[in-house]
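# Show me the folded form of this:
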Amino acid sequence: MDRYDLCVIGSGAAGQRAAVQAAKLGKRVAVIERAEVVGGAAINTGTIPSKSLREAVLQLTGARLRSFLGESVQVKNKITIQDLTAWTQQIVRAEVEISRASMLRNGVDIINGDGTITSPNAVVVVHGSQTSVVEADFILIATGSRPARPSGIPFDGVRVLDADQVLKLSTLPRSMIVVGGGVIGTEYASIMQCVGVKCTLIEGRPRLLDFVDAEVGEALQYHLRQSGMTLRLGEKVVTVELIDAPAGSLSTDGKLVQVMLESGKTIRGECLLYAAGRQANSETLNLSSIDVTPDNRGRITVNENYQTSCPNVYAAGDVIGFPALASTSMEQGRIAACHMFGRRVESVPHLFPYGIYSIPEISMVGWTEEQLTKEDIPFETGIANYREIARGQLLGDLNGMLKLLIHQESHEILGVHCIGAGATEIVHIGQAVMAFKGTVEYLVNTVFNYPTLAECYKVAALNGLNKLSHV
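Residues are numbered from 1 along each chain as shown. Predicted coordinates:
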C-alpha cells in the first residue's frame, strides 16, 4: 500500500494541472488513469482532436483565402477523412507526450487502472488481474465526462455517432444531421459544413449557444446559414431511425438516417451526430462510500474551492459540469490543489474566458448584455467591425466583430465579446484590462501595433466613448 499527499483520479486537464501544482508545493502525488495514455478527453477525444480537425479543414479547404480568391477556392481538390485524421493524430501524440512528461518531470506517479473510492483516504486501483490500494490525505476526482447516449438513439458508430466517434469515420459523409446546438454540436457542424458536408443542425432551444451574448449568437447563426447550413431551432427530436434512401438522395450505399421532430418535420441525412449533452464519469467511483451524491447526469456538487461534501475529497473539470472547458478545468484543478494544501490562491471565475472553436470562432469574458439588463446595470456598447480594421482586410475576414460593454458611469469594461478570426486570442487583452478594473479611456489611450486585430480594442473604445459623450 502506497501513501501519498494527494491521489488524483483522472489525468485530463483538471487532473494533470492539480497534480503538477501539488507536486510544485512539495507534495507526493499519484495520478490514476484508466486509459493507456494520459490526457483524458481534452487531449484524446475532445478539445485537441476537434480543434486539430478544425485547423486541418481551414488549411486544406483554403477557407481563409475565399474572400480574396472566391468561394470556389480549394487547396486540395479531394479532401478525405484520412487527410484530416493524419493531422489530428500527430498533434494528439505530441500533446499526450507533453502532458506525461510534465507529470513525470515533477515526480508525479502515474498509475494505470480503474480507481474506486473506498473511504475518504483510500482508492482501490484495478488493472487487469492486479489490485492495489492507494492511500492519500486528499483525493481529487477529475474523471471528466463522455457523450450522453440516450437509449432511444440507435448508436452504431457508422451512421449514428456520438462526439467521440466523429474522427473514426471511414469516409466523409455527403450530408450530416447534428443534434445539439451547444459547444460541441456547433463546432462539429460548422467544421463539417466548411469541408463540404451538407449539415442540418437541430437545437431544442430558440438559439444556439444561449449562454453567449445574443448579438454574437445571432451573428454566428447568420454565418452558418450563409455557409449553407440548415438550422432547425426550437425543435425537439422524437425518433431516429435508419431507412432505405429514396432515389436521387445524398446516400452512398442506399441508406439514410431519418429524424422525426416533435413539430412533425422529417429530416434525412447520410449520418447523424448526437451531441446533446454530456454524462459525467462518476458511476464507478463508489461515491456513496464518502456520502457524495451526484445528480442525474453524474455531476458532483462542489463549493467555491472545489470541495465536495466530504471535506478532503475535491472534484474539478467536466465531472462538476458547466462550463466544462479545458481552460477552466485546468484552473479548477490548480485552485483545488492550492486550497487543500493551504496555499493562498486568488480565484476569479467571473473572468474565466469562453472560447468556442466554431467557424467563425467566438470568445467572451465577463457580463453579457442580457445579464447587465437583468441586473439593472447601466451600460453602453462599443463596436469594432473587422472590415474597418486593416488586419481584418489582410486576413480576409470582413465579417468579424469585437464588442465592449462599458459601465455608463464608471466607464469600467464589464464584458468583451468577439466573433471572427483570432477571437479566442484577442479576448485576453480585454480580460487583462478587466482584471485591473480598467476603463474605456485606458483603451483609447493605448497604442496598439498596426496592423493587428488588437487594434479593434481602440476602435471599439472610441466608438463606445463617443456614445457615452453623445458625439
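
# Quick check: next helix or strand after the worst-scoring helix or strand of the chain on mean pLDDT?
Across the helices and strands of the chain, mean pLDDT, DSSP states H and E gives its lowest value to helix 66-69, namely a mean of 52. With elements assigned by DSSP states H and E, the helix or strand that comes after helix 66-69 is helix 81-105.

# Check which element follows that next one along the chain.
That would be, after helix 81-105 and using DSSP H and E, strand 109-112.

# Quick check: buried residues in that following strand?
Within strand 109-112, the residues that count as buried by 16 or more other CB atoms under 10 Å are 109, 110, 111, 112. Glycine gets a C-beta too; all of them are placed from N, C-alpha and C.

# Just name the closest of the residues you listed to residue 390, please.
Taking CB to CB as the measure, residue 390 sits nearest to residue 110 out of the buried residues of strand 109-112, at 48.5 Å.

# which stretches of the stretch 301-450 of the chain form strands?
Assigned by DSSP state E, counting those that start in this stretch, the strands in the stretch 301-450 of the chain fall at 313-315, 354-356, 362-366, 379-385, 401-407, 413-419.

# quick one, which of those strands is nearest to residue 89?
Nearest of the strands of the stretch 301-450 of the chain (CB to CB): strand 354-356, 22.8 Å.

# Counting neighbours, which bits of the closest one end up buried?
354, 355, 356.

# where do the helices sit along the protein?
13-24, 40-44, 47-61, 66-69, 81-105, 183-194, 214-226, 326-340, 369-374, 390-395, 423-435, 440-445, 455-468 (DSSP state H).

# and among the ones you listed, the most buried is which?
Of all the helices of the chain, helix 13-24 has the most neighbours on average by mean count of other CB atoms under 10 Å, namely a mean of 27.

# How about residues contacting that one?
5-6, 8-9, 11, 29, 31, 38-40, 42, 47, 99, 102-103, 106-108, 140, 142, 144, 314, 316-319, 326-327, 329-334, 336-338, 340-341 (CB atoms under 8 Å, 6 or more residues apart in numbering).

# try stretch 219-228
Residues from elsewhere that reach stretch 219-228, judged by CB under 8 Å, 6+ apart: 186, 189-190, 193-194, 198, 201, 207-209, 212, 231, 233, 358-360, 362, 399, 401, 419.

# Residue 210: how many residues sit nearby?
13 (other CB atoms under 10 Å).

# Quick one: residues contacting the closest residue to it other than its chain neighbours.
Once flanking residues are discounted, residue 210 sits nearest to residue 217: 7.2 Å by CB to CB, 6 or more residues apart in numbering. Residue 217 makes contacts with 207, 208, 209, 210, as judged by CB under 8 Å, 6+ apart.

# Would you mind checking these for buried ones?
207, 208, 209.

# want to try a markdown table for the residues you listed, with distance to residue 408 and pLDDT as columns?
Shown next, in a markdown table, are these (distance: CB to CB, whole Å; pLDDT from 0 to 100):
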| residue | distance to residue 408 | pLDDT |
| --- | --- | --- |
| 207 | 27 | 94 |
| 208 | 30 | 96 |
| 209 | 27 | 95 |
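
# before we move on, the earlier item: make a markdown table out of the buried residues of strand 354-356 and add pLDDT and distance to residue 243.
Shown next, in a markdown table, are those (pLDDT from 0 to 100; distance: CB to CB, whole Å):
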| residue | pLDDT | distance to residue 243 |
| --- | --- | --- |
| 354 | 95 | 38 |
| 355 | 95 | 38 |
| 356 | 95 | 33 |
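
# The closest residue to residue 184 other than its chain neighbours: what's it in contact with?
Distance criterion CB to CB, 6+ apart; nearest residue to residue 184, sequence neighbours excluded, is residue 275 at 4.5 Å. If a contact means CB under 8 Å, 6+ apart, then residue 275 has 147, 162, 163, 178, 179, 180, 182, 184, 185, 188 as its contacts.

# out of the residues you listed, who's nearest residue 270?
Closest approach to residue 270 among these (CB to CB): residue 178, at 12.4 Å.

# Relative to residue 168, how far out is the closest one?
The gap separating residue 178 from residue 168 is 16 Å, by CB to CB, to the nearest Å.

# what about the longest strand in this structure?
In the chain, assigned by DSSP state E, the strand with the most residues is strand 130-141.

# what pairs with that one, and is each one parallel or antiparallel?
strand 2-9 (parallel), strand 122-127 (antiparallel), strand 313-315 (parallel) (DSSP bridges).

# now those strands in JSON lines, with mean pLDDT and distance to residue 288?
As requested, the strands paired with strand 130-141 are exported to JSON lines (pLDDT from 0 to 100; distance: least, CB to CB, whole Å):
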{"stretch": "strand 2-9", "mean pLDDT": "94", "distance to residue 288": "16"}
{"stretch": "strand 122-127", "mean pLDDT": "96", "distance to residue 288": "14"}
{"stretch": "strand 313-315", "mean pLDDT": "98", "distance to residue 288": "13"}
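
# Quick check, residue 313 in contact with residue 138.
Yes - when contacts are counted by CB atoms under 8 Å, residue 313 is listed as touching residue 138 (7.4 Å).

# Tabulate the helices of the chain in JSON lines, adding columns for distance to residue 282.
Output for the helices of the chain, formatted as JSON lines (distance: least, CB to CB, whole Å):
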{"stretch": "helix 13-24", "distance to residue 282": "13"}
{"stretch": "helix 40-44", "distance to residue 282": "14"}
{"stretch": "helix 47-61", "distance to residue 282": "20"}
{"stretch": "helix 66-69", "distance to residue 282": "44"}
{"stretch": "helix 81-105", "distance to residue 282": "22"}
{"stretch": "helix 183-194", "distance to residue 282": "20"}
{"stretch": "helix 214-226", "distance to residue 282": "31"}
{"stretch": "helix 326-340", "distance to residue 282": "15"}
{"stretch": "helix 369-374", "distance to residue 282": "30"}
{"stretch": "helix 390-395", "distance to residue 282": "43"}
{"stretch": "helix 423-435", "distance to residue 282": "29"}
{"stretch": "helix 440-445", "distance to residue 282": "44"}
{"stretch": "helix 455-468", "distance to residue 282": "42"}
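
# hey, least reliable of these by pLDDT?
Sorting those by mean pLDDT places helix 66-69 lowest, at a mean of 52.

# How much space separates residue 317 from residue 448?
35 Å.

# who has more neighbours, those two?
residue 317 (35 against 16).
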